[in-house]
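> Can you look at this prediction? I've put the sequence above it.
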Amino acid sequence: MAKKTKLTNVEQVTDYLLKLEHPLKPVVEVLREIVLSSNNEIDEQIKWNSPSFYYSGEMKSFDPKEYKRDIVVFNLHKKDVVLLVFPTGSKISDQTGLLKGNYPDGRRIATFSSMDDVKDREDDLQTVLREWIMMVDK
């Protein structure tokens with residue numbers, strides 16, 4: 001019997017999206033492209049049972065429970081919106097107003113309910129991602 005090879009992180013995300021049954025699947029796919037194209041040191045994986053994006057560059061040592069490498073996680077549990085959860089969003093200097101919420105754990109959320117939302121807020125999303133990259137402890 002042939003040994004089954006493990007999918008790469010990118011293949012896992014692609015496979016996840018191929019199987020995804022969500023009314024806003026096109027929105028999810030475009031948001032994925034925007035996140036990945038915003039910086040060449042952003043990579044993707046499946047984490048917390050969803051597409052997740054993380055900083056793949058060099059960083060100073062830190063406690064893994066701090067989630068300093070994690071940038072944004074898709075939350076696809078609702079059918080009428082796509083939530084982008086930034087686990088350390090409160091640390092981002094968001095001048096765009098994209099990130100919402102004041103959660104005690106420091107996360108902030110961006111909400112997209114249509115392709116028009118994505119088009120209207122694409123620059124804001126890229127700005128927030130660049131702000132996140134600038135605060136990385138390298």
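Thanks, I have the structure now. Numbers count the residues shown, from 1 in each chain.

> OK, contacts around residue 110?
83, 84, 86, 98, 99, 100, 121, 125, 128 (Cβ atoms under 8 Å, 6 or more residues apart in numbering). From N, CA and C alone the C-beta is placed, and that goes for glycine too.

> Paired strands for the helix or strand encompassing the second one, with orientation please.
Residue 84 belongs to strand 82-86 when assigned by DSSP states H and E. Under the criterion DSSP bridges, strand 82-86 sits next to strand 70-75 (antiparallel), strand 108-112 (antiparallel) in its sheet.

> model confidence over that strand, on average?
Mean pLDDT, strand 82-86: 97.

> do stretch 30-44 as well
Here the average pLDDT along stretch 30-44 is 96.

> how far does that stretch sit from the chain's center?
8 Å (Cα atoms, centre = their mean, to the nearest Å).

> same thing with stretch 76-90?
The answer for stretch 76-90 is 9 Å, by Cα atoms, centre = their mean.

> Which residues does that stretch contact?
Counting by Cβ under 8 Å, 6+ apart, 20, 22-24, 27-28, 31, 50, 67-68, 70-75, 92, 99, 101-103, 105-113, 125, 128, 132 sit against stretch 76-90.

> in that stretch, what's buried?
Judged by neighbour count (16 or more other Cβ atoms under 10 Å), stretch 76-90 contains these buried residues: 76, 81, 82, 83, 84, 85, 86, 87, 88, 89, 90.

> Quick one: end-to-end length of it, please.
21 Å (Cα to Cα, to the nearest Å).

> just stretch 75-83 next, same as before
Note: stretch 75-83 ends 5 Å apart using Cα to Cα.

> can you pull the buried residues of stretch 39-51?
Result for stretch 39-51 [16+ other Cβ under 10 Å]: buried residues 39, 42, 43, 44, 45, 46, 50, 51.

> State the distance from residue 11 to residue 44.
According to Cβ to Cβ, to the nearest Å, residue 11 and residue 44 sit 10 Å apart.

> returning to what we had before: format the buried residues of stretch 39-51 as JSON lines; extra columns: secondary structure and distance to residue 7.
Output for the buried residues of stretch 39-51, formatted as JSON lines (DSSP: H, G, I helix; E, B strand; the rest coil; distance: Cβ to Cβ, whole Å):
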{"residue": "39", "secondary structure": "coil", "distance to residue 7": "23"}
{"residue": "42", "secondary structure": "strand", "distance to residue 7": "19"}
{"residue": "43", "secondary structure": "strand", "distance to residue 7": "14"}
{"residue": "44", "secondary structure": "strand", "distance to residue 7": "12"}
{"residue": "45", "secondary structure": "strand", "distance to residue 7": "10"}
{"residue": "46", "secondary structure": "strand", "distance to residue 7": "9"}
{"residue": "50", "secondary structure": "strand", "distance to residue 7": "16"}
{"residue": "51", "secondary structure": "strand", "distance to residue 7": "13"}
